[in-house]
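>>> sequence unavailable; structure follows:
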């Protein structure tokens, strides 16, 4: 069954998942095209940073990677002892139905970079 059908038919309701800006979640982001980041495994999951919450159903976020990258569209930070790289070039809107499990929140030590992302 395609990821979209699995997510839409999962029986999970939006109200069941509470998330906020700066949270890092495992998300079912799907199998993507071209240069987009794919999720991994059977559910096509990947960690995503919640950047801007629009309502309880929709937010903008950026996928994360553990592979070190350099450039204007990447920056590193640490969540629960693991280094992560924000892939700013992959910034997009997500539905809360894709949220799988919370990993943590972006540390306050990344506040300066946070302002750059959310501007």
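Now that the structure is in, tell me what you want to look at. Quantities reported herein were computed from a predicted structural model and do not represent experimental measurements.
>>> measure residue 105 to residue 77 for me?
11 Å (CB to CB, to the nearest Å). Using the backbone N, CA and C atoms, a C-beta is placed for each residue, glycine as well.
>>> for the protein, which spans come out with low pLDDT?
Applying pLDDT under 70 to the chain flags residues 1-16, 31-43, 79-80, 107, 109-119.
>>> what segments of it are strands?
In the chain, the strands defined using DSSP state E lie at 23-28, 45-53, 58-65, 74-79, 82-87, 92-95, 99-105.
>>> residue contacts, the nearest residue to residue 54 once chain neighbours are set aside?
Excluding the flanking residues, the one nearest residue 54 by CB to CB, 6 or more residues apart in numbering is residue 60, at 7.4 Å. If you count contacts by CB atoms under 8 Å, 6 or more residues apart in numbering, residue 60 has them with 51, 52, 54, 91, 92, 93, 94.
>>> redo those residues as CSV? Include neighbour count and distance to residue 28.
Formatted as CSV, the contacts of residue 60 follow (neighbours: other CB atoms under 10 Å; distance: CB to CB, whole Å):
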residue, neighbour count, distance to residue 28
51, 20, 18
52, 13, 20
54, 9, 19
91, 16, 18
92, 14, 14
93, 10, 15
94, 21, 10
